[in-house]
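[1] Pasting the sequence and the predicted coordinates here, then a few questions.
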Amino acid sequence: PSYAGQAVCMTYPLIGNYGICYEDQESRKPWIDGFIVRELSRIPSNFRSVDTIQHFLEKHDIPGIAGIDTRALTKILREKGTMNGMITVNENYDLDEIIPRLKAYTTGKVVEKVTCSEKEVLKGNGPKVALMDFGAKRNIARSLNERGCQVTIYPALTSAEEILADHPDGIMLSNGPGDPKECTTIIEEIRKLYASDVPIFAICLGHQLMALATGGDTHKMKYGHRGGNHPVKDLATGRVYISSQNHGYVVDAEALEKKGIAKPAFVNVNDGTNEGMAYEGKNIFTVQFHPEVMHSVEGQKMLHNFLFNVCKCTGDWKMDSFVETTIAQIREKVGDSKVLCALSGGVDSSVAAVMLAKAVGKQLTCVFVDHGLMRKNEGDEVEEAFSKWNLNLIRMNEEDEFLAALKGLTDPEDKRKAIGAQFIRTFEKMG
């Protein structure tokens, strides 16, 4: 739902080979307004696939286009920021007529388009949680319900009076699409929820709406944050966590902090933008990222803490214990076994390596492959950085092997496949 009103450009060159698995859908239907790929795989190869991507798009009346140099398009978007565009089958369109329409296009009040049509209750024996559906992914309600909560999902335009009349133990404001300032009616109702004493946890669009409801401001980002590996820093502990994000607007935290309404709780490590607020004198916490995604251990624990600590008014919502809990889980799972970790020096493998090292110590061996394709001295920098962690680190100098594998190749796709195959051969040799 967060992509409603937008066209999505896929950077990976081949799309459709996994097919469609309806069990994985996070909404009742796809909400994108356009789909752009380099190469379309019309025949999926996946035992879980039940449909093809082209039939899926046709079924939901979504225009798609293949044969586009998506990486060139991505470079333009990366430089110029998010842009309006058009997919058409009319080869004789009048550009003078189209340009004004493109410039005038906005997503509009898309929250009202993607929200549920009526209230729904997921039974549970734990805390009663009111979930405001601004375009919520199914996994949010599922994550709450799996923890025993009774989850009541409300349409976006539900009044605060109706929600509070159901006496929830906590309220969750979900993610959603579009410009938060378009949600004027919803902001008024959130202002009433803020005035109550019910604990509130807000995600993504909900985070932005709470800021607007309490006198803060938001603005559109040039690029937005998209993907599952954005580092966010917990300002209370200094720790950095890897988060999943998908948003094009951001909260201006300064005004809320000056007024004493809320203080920043998280900040984006890459660009310094706000990633979360803790509201003064209230059990209200909001985050820009998605804590409910399944690969985010810290986010899953954040949901658990909100439900069983904040909703019970213990007031100890924090992330301090997440790393320790995860380390204990890893230690239990690994036992006396040995662990081999492929270390690239990037964020994902680095976090995994440090967590594993804390959990199993010398049972871990990290293999850093120096393939000769990095920046000057970068391999030395990676080795130096990880020497501080006292890791059992093996650096494999595979420059000759990688360059030999790439010799004579000019097509980027052939190079990508050759590099991937060489990595596999290298780790097979190490294993």
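    Yep, that arrived.
[2] Tell me the buried residues in the helix or strand encompassing residue 254?
    Under DSSP states H and E, the secondary-structure element containing residue 254 is helix 253-258. When neighbours are counted by 16 or more other C-beta atoms under 10 Å, the buried residues of helix 253-258 are found to be 253, 256, 257. All C-beta atoms are positioned from the backbone trio N, CA, C, and that covers glycine.
[3] with those residues in mind, which one is nearest to residue 199?
    Sorting the buried residues of helix 253-258 by how near they are to residue 199, with C-beta to C-beta, puts residue 256 at the top with 18.3 Å.
[4] Confirm for me that the closest one is in contact with residue 274.
    No - taking contacts as C-beta atoms under 8 Å, residue 256 lies outside contact range of residue 274: 9.3 Å.
[5] ok, back up a step: the helix holding residue 254 packs against which elements?
    Helix 253-258 is packed against strand 262-268, strand 274-279, with contacts defined by 3 or more C-beta pairs under 8 Å, 6 or more residues apart in numbering; DSSP states H and E.
[6] if you average pLDDT over it, what comes out?
    Averaging pLDDT along helix 253-258 yields 91.
[7] And for stretch 57-76?
    95.
[8] swap in stretch 386-397?
    In this model, stretch 386-397 has an average pLDDT of 84.
[9] swap in stretch 356-369?
    For stretch 356-369, the per-residue pLDDT values average out at 90.
[10] rewinding a little: reformat the helices and strands packed on helix 253-258 as CSV; add mean pLDDT.
    Shown next, in CSV, are the helices and strands packed on helix 253-258 (pLDDT from 0 to 100):
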stretch, mean pLDDT
strand 262-268, 94
strand 274-279, 94
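[11] hey, which of these is tucked in deepest?
    Burial among the helices and strands packed on helix 253-258, expressed as mean neighbours by mean count of other C-beta atoms under 10 Å, is greatest for strand 274-279, which shows a mean of 24.
[12] Just give me how far that one sits from the chain centre.
    Taking C-alpha atoms, centre = their mean, to the nearest Å, one finds the center of strand 274-279 at 17 Å from the center of the full chain.
[13] That one: partners in the sheet, and parallel or antiparallel?
    Here the strand partners of strand 274-279, with direction, are listed using DSSP bridges: strand 262-268 (antiparallel), strand 284-287 (antiparallel).
[14] Quick check: which element contains residue 395?
    Of the helices and strands defined by DSSP H and E, residue 395 is found in strand 393-397.
[15] So what's the residue count around residue 283?
    Other residues near residue 283 number 20, with proximity taken as other C-beta atoms under 10 Å.
[16] ok, back up a step: downstream neighbour of the strand holding residue 395 in the secondary structure list?
    helix 399-406.
[17] Pull out the buried residues from that following helix.
    The neighbour-count criterion (16+ other C-beta under 10 Å) identifies 401, 402, 405, 406 as the buried residues of helix 399-406.
[18] Quick check, residue 212 in contact with residue 181.
    Yes - counting by C-beta under 8 Å, residue 212 touches residue 181, with 6.7 Å between them.
[19] For the two, indicate the residue with more neighbours.
    Between residue 212 and residue 181, counted using other C-beta under 10 Å, residue 212 has the larger neighbour count: 19 against 15.
[20] could you measure the residue lying closest to that one once chain neighbours are set aside against residue 214, distance?
    When the adjacent residues along the chain are set aside, residue 212 lies closest to residue 187, with 5.2 Å between them (C-beta to C-beta, 6 or more residues apart in numbering). Here the criterion is C-beta to C-beta, to the nearest Å. By it, residue 187 lies 10 Å from residue 214.
[21] now swap in residue 227 and tell me
    In this view, residue 227 and residue 214 are 29 Å apart by C-beta to C-beta.
[22] Between the two, which is the more surrounded one?
    More neighbours surround residue 214 than the other of residue 227 and residue 214, with 21 against 9 (other C-beta under 10 Å).
[23] hmm, back to that, of the helices and strands packed on helix 253-258, which is nearest residue 376?
    Distances from residue 376 to each of the helices and strands packed on helix 253-258 were compared using C-beta to C-beta; the shortest belongs to strand 262-268, at 28.2 Å.
[24] Relative to the whole chain's centre, how far out is that closest one?
    Between the centre of strand 262-268 and the centre of its chain there are 18 Å (C-alpha atoms, centre = their mean).
[25] Out of the buried residues of helix 399-406, flag the one nearest to residue 196.
    Among the buried residues of helix 399-406, residue 402 lies closest to residue 196 (C-beta to C-beta), at 60.1 Å.
[26] residues touching the nearest residue to the closest one once chain neighbours are set aside, list them.
    The shortest distance from residue 402 to any residue that is not its chain neighbour, by C-beta to C-beta, 6+ apart, is 4.2 Å, and that residue is residue 371. When the contact criterion is C-beta atoms under 8 Å, 6 or more residues apart in numbering, the partners of residue 371 are 398, 399, 402, 419, 422, 423.
[27] and the third one, how far is that from residue 430?
    Using C-beta to C-beta, we find residue 402 at a distance of 14 Å from residue 430.
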